[in-house]
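Student: what follows is a protein structure lacking sequence information:
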């Protein structure tokens, strides 16, 4: 589940509390955040939920979203998925991109709500139109797989392109693979290398494993030479060890291939 929206306020804590108790909805949401993070007050998830709920009941979208997350995760309150989903829907319908994205995730996996890939795509699209990077990545994957939408590699590529380069490893990885396999774009292994390297540099071991899987096991094992170029020397041995495997395979396989080829020529 996503993170809380950072809604910054410059009010002093005493002034903020006075306004919150006086019914100021923005102050109530801000005070909820302060209690949640322990900013200028003693951290209290229970108090955070109390003030977020106060703000939510008056229509504050940050309050609605925060109440939804706390209910679904059981933070500061007893867990209640049904009520949490209702608050999440309210925040999403009010236009909060993070709420729209998380509602899309809920529909995509169906753990707390009836699964609907079509509705997942709808909410990812709404959030992506507001520029939310995670939503663009997820929507791009739906277009790539034809999940909840008609398959469209060109749209998938465009979404991957828009989302890459912003520090999200999945976005860089997907753009690299798009260039490698020609998903909605002409194949370009040089650009693929650049983006796969960016994903690798972020230190995500899962990205390293996904790249290895695609190159070595998805009928593209002859392209395993690309793995030479997506290592990150600044990382630990554990991070780069995956690169040793394809190199070892090449070193063992190549001499055998040359031997077999020469042997066949001699027979001719």
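Tutor: Cool, got the structure. Because the structure is a prediction, the values reported are computed rather than measured.
Student: list the buried ones in whichever strand or helix holds residue 52?
Tutor: Counting by DSSP states H and E, the element that carries residue 52 is helix 45-57. With burial defined by 16 or more other Cβ atoms under 10 Å, the residues of helix 45-57 counted as buried are 45, 47-56. C-betas here are computed from N, CA, C, even on glycine.
Student: report the mean per-residue pLDDT for the helix or strand just after that helix.
Tutor: Counting by DSSP H and E, the element after helix 45-57 in chain order, helix or strand, is helix 61-73. In this model, helix 61-73 has an average pLDDT of 98.
Student: equivalent analysis for stretch 26-37, please.
Tutor: Here the average pLDDT along stretch 26-37 is 97.
Student: contact partners of that stretch?
Tutor: 4, 6-7, 9, 11, 13, 16-17, 19-20, 39-41, 43-45, 47-52, 54-55, 58, 60, 62-63, 66, 76 (Cβ atoms under 8 Å, 6 or more residues apart in numbering).
Student: just the buried ones among those residues, please.
Tutor: 4, 11, 16-17, 19-20, 41, 45, 47-52, 54-55, 60, 62-63, 66, 76.
Student: the helices in the stretch 1-150 of the chain, which residues?
Tutor: Along the stretch 1-150 of the chain, the stretches classed as helices by DSSP state H, counting those that start in this stretch are 13-21, 25-37, 45-57, 61-73, 81-93, 97-109, 117-129, 133-145.
Student: any chance of these in a markdown table, plus distance to residue 202?
Tutor: Output for these, formatted as a markdown table (distance: least, Cβ to Cβ, whole Å):
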| stretch | distance to residue 202 |
| --- | --- |
| helix 13-21 | 37 |
| helix 25-37 | 26 |
| helix 45-57 | 31 |
| helix 61-73 | 25 |
| helix 81-93 | 29 |
| helix 97-109 | 20 |
| helix 117-129 | 21 |
| helix 133-145 | 14 |
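Student: quick one, which of those is nearest to residue 157?
Tutor: In terms of Cβ to Cβ, the element of the helices of the stretch 1-150 of the chain nearest to residue 157 is helix 133-145, at 7.7 Å.
Student: please name every helix or strand in contact with the closest one.
Tutor: Where contact means 3 or more Cβ pairs under 8 Å, 6 or more residues apart in numbering; DSSP states H and E, helix 133-145 is packed against helix 97-109, helix 117-129, helix 153-163, helix 169-181.
Student: avg pLDDT for the shortest one?
Tutor: In this case it means helix 153-163. 98.
Student: repeat that for the first one.
Tutor: Here helix 97-109 scores 98 as its mean pLDDT.
Student: where does pLDDT dip in the protein?
Tutor: 1-11, 204-268 (pLDDT under 70).
Student: re earlier: what angle sits between the helix holding residue 52 and helix 81-93?
Tutor: 50 degrees (axes from the mean of the first three to the mean of the last three Cα atoms, to 10 degrees).
Student: residue 180 and residue 196, how far apart?
Tutor: 7 Å (Cβ to Cβ, to the nearest Å).
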